[in-house]
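J.: quick one, what's the 3D model for this:
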Amino acid sequence: MNHSCLTCQPGADRVIDYENNAVNLPEHFRGPPTSGNGGVATGLYACLGAHFLETNVAQLQVKLHQPVPLSTDLEFHEEQVDNETVSVTVGISGETVLSGWASSKTKEPVMSEDTALELQRHVALSEEQKNRFDSYEEVFGPSKDHFAECFVCGPESRLGLRLRLRQITDQIFWQTWNPGRRWEDQGVLASLPAIAALDCTSALGFYVNGFLGEHESCLLGTYDASVTSLPLFDSEEGFRVISKTRERVGRKIYTDVGLFGATGEVHVLGKATWIVVSPEVAKG
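T.: Coordinates of the predicted model:
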């Protein structure tokens, strides 16, 4: 497999340098104001996995150990676990920033079949859901102001995705996504934005549903994703990002989220585990 995705090619979105075993997140890939976006960091493992396994990645799991520095060379080291799996550690000055693995096979479901079907059933909205979507007013949370330039959800992120989901049922949050040709990679949606799109989109309902209090915020702790297929750029209908928060246990919040085609095709399913922190810690 000749792996040459957008994040490996020269240009504004290049992140991975295989010659020097380094990754470097440009400023526009920020999440919190002073550090990298967790979804982007996770998406790197799809690229790294495809490179080392010499085939497409079907599942990955990433843990964020500390905020990801921006515009800084971070070293990565890979270890072949078996014929289907590679583990990768990303760090700086001997400290681990990211750890995780990527596999060419699906090891286990990231969410229950019932949950996946529930998300999939909401690809097309009923009239009631359309009205709820159109009349939705966002509940204040630190992410609205402190994360205005976040690559995934920030409304002021000039080079970002600007994805902000809206409530369509008491539990389901939804948004259409037309990513634009910038993110086309050999006819399909590039793996890094496909996975990054399921990051903070999974957290935008935390305040309205009471999972976070007024003086709380959160940061991504771990992210599991399974990739069925990367969607083709062949539909004017775009894609759908749909999420449902599973539960809060202590300082951890678990959320299920998926990327679907306009007619229900399952492309990426993810489980995000968020760690509750103060707004001051979240914004760095």
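
J.: which secondary structure elements does the lengthiest helix in the chain contact?
T.: For the chain, the helix with the greatest residue count under DSSP state H is helix 38-53. For helix 38-53, the packing partners by 3 or more CB pairs under 8 Å, 6 or more residues apart in numbering; DSSP states H and E come out as strand 16-17, strand 59-64, strand 74-82, strand 85-92, strand 95-103, helix 191-196, strand 217-227. Any C-beta I mention is one placed from the backbone N, CA and C, and that applies to glycine too.

J.: not counting its neighbours along the chain, what's nearest residue 76?
T.: residue 90 (4.7 Å; CB to CB, 6 or more residues apart in numbering).

J.: quick revisit: winner for burial among the helices and strands packed on helix 38-53?
T.: Among those, helix 191-196 has the highest mean neighbour count (mean count of other CB atoms under 10 Å), at a mean of 27.

J.: got the contact list for stretch 90-99?
T.: Residues from elsewhere that reach stretch 90-99, judged by CB atoms under 8 Å, 6 or more residues apart in numbering: 23, 41, 44, 62-66, 68-69, 72-76, 87-89.

J.: 6 Å instead, please
T.: 41, 63, 65-66, 68, 74, 76, 89 (CB atoms under 6 Å, 6 or more residues apart in numbering).

J.: same deal with stretch 212-219?
T.: 142, 206, 274-277, 279, 282.

J.: can I get the helices and strands packed on helix 38-53 in JSON lines including mean pLDDT and distance to residue 138?
T.: Formatted as JSON lines, the helices and strands packed on helix 38-53 follow (pLDDT from 0 to 100; distance: least, CB to CB, whole Å):
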{"stretch": "strand 16-17", "mean pLDDT": "90", "distance to residue 138": "34"}
{"stretch": "strand 59-64", "mean pLDDT": "97", "distance to residue 138": "25"}
{"stretch": "strand 74-82", "mean pLDDT": "96", "distance to residue 138": "34"}
{"stretch": "strand 85-92", "mean pLDDT": "97", "distance to residue 138": "33"}
{"stretch": "strand 95-103", "mean pLDDT": "97", "distance to residue 138": "30"}
{"stretch": "helix 191-196", "mean pLDDT": "92", "distance to residue 138": "21"}
{"stretch": "strand 217-227", "mean pLDDT": "95", "distance to residue 138": "15"}
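
J.: among those, which is nearest residue 260?
T.: Proximity to residue 260 (CB to CB) singles out helix 191-196 among those, at 11.5 Å.

J.: just the CA coordinates for stretch 117-135, please, in PDB.
T.: Output of stretch 117-135 as PDB, limited to C-alpha atoms (Å, rounded to 0.1, in the frame of the first residue of the first chain):
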ATOM      1  CA  LEU A 117     -28.700   1.400  15.100                       C
ATOM      2  CA  GLU A 118     -30.300   4.200  17.200                       C
ATOM      3  CA  LEU A 119     -27.800   6.700  15.800                       C
ATOM      4  CA  GLN A 120     -28.300   5.400  12.300                       C
ATOM      5  CA  ARG A 121     -32.000   5.700  12.500                       C
ATOM      6  CA  HIS A 122     -31.700   9.500  13.000                       C
ATOM      7  CA  VAL A 123     -29.800  10.100   9.700                       C
ATOM      8  CA  ALA A 124     -33.100  11.500   8.200                       C
ATOM      9  CA  LEU A 125     -35.100  13.800  10.400                       C
ATOM     10  CA  SER A 126     -38.800  13.800  11.000                       C
ATOM     11  CA  GLU A 127     -40.600  17.100  10.700                       C
ATOM     12  CA  GLU A 128     -40.700  17.400  14.500                       C
ATOM     13  CA  GLN A 129     -37.000  16.900  14.700                       C
ATOM     14  CA  LYS A 130     -36.300  19.400  11.900                       C
ATOM     15  CA  ASN A 131     -38.300  22.000  13.800                       C
ATOM     16  CA  ARG A 132     -36.400  21.200  17.000                       C
ATOM     17  CA  PHE A 133     -33.100  21.500  15.100                       C
ATOM     18  CA  ASP A 134     -34.100  24.800  13.600                       C
ATOM     19  CA  SER A 135     -35.300  26.300  16.900                       C
END
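
J.: and that stretch, how far from the chain's centre?
T.: 22 Å (CA atoms, centre = their mean, to the nearest Å).
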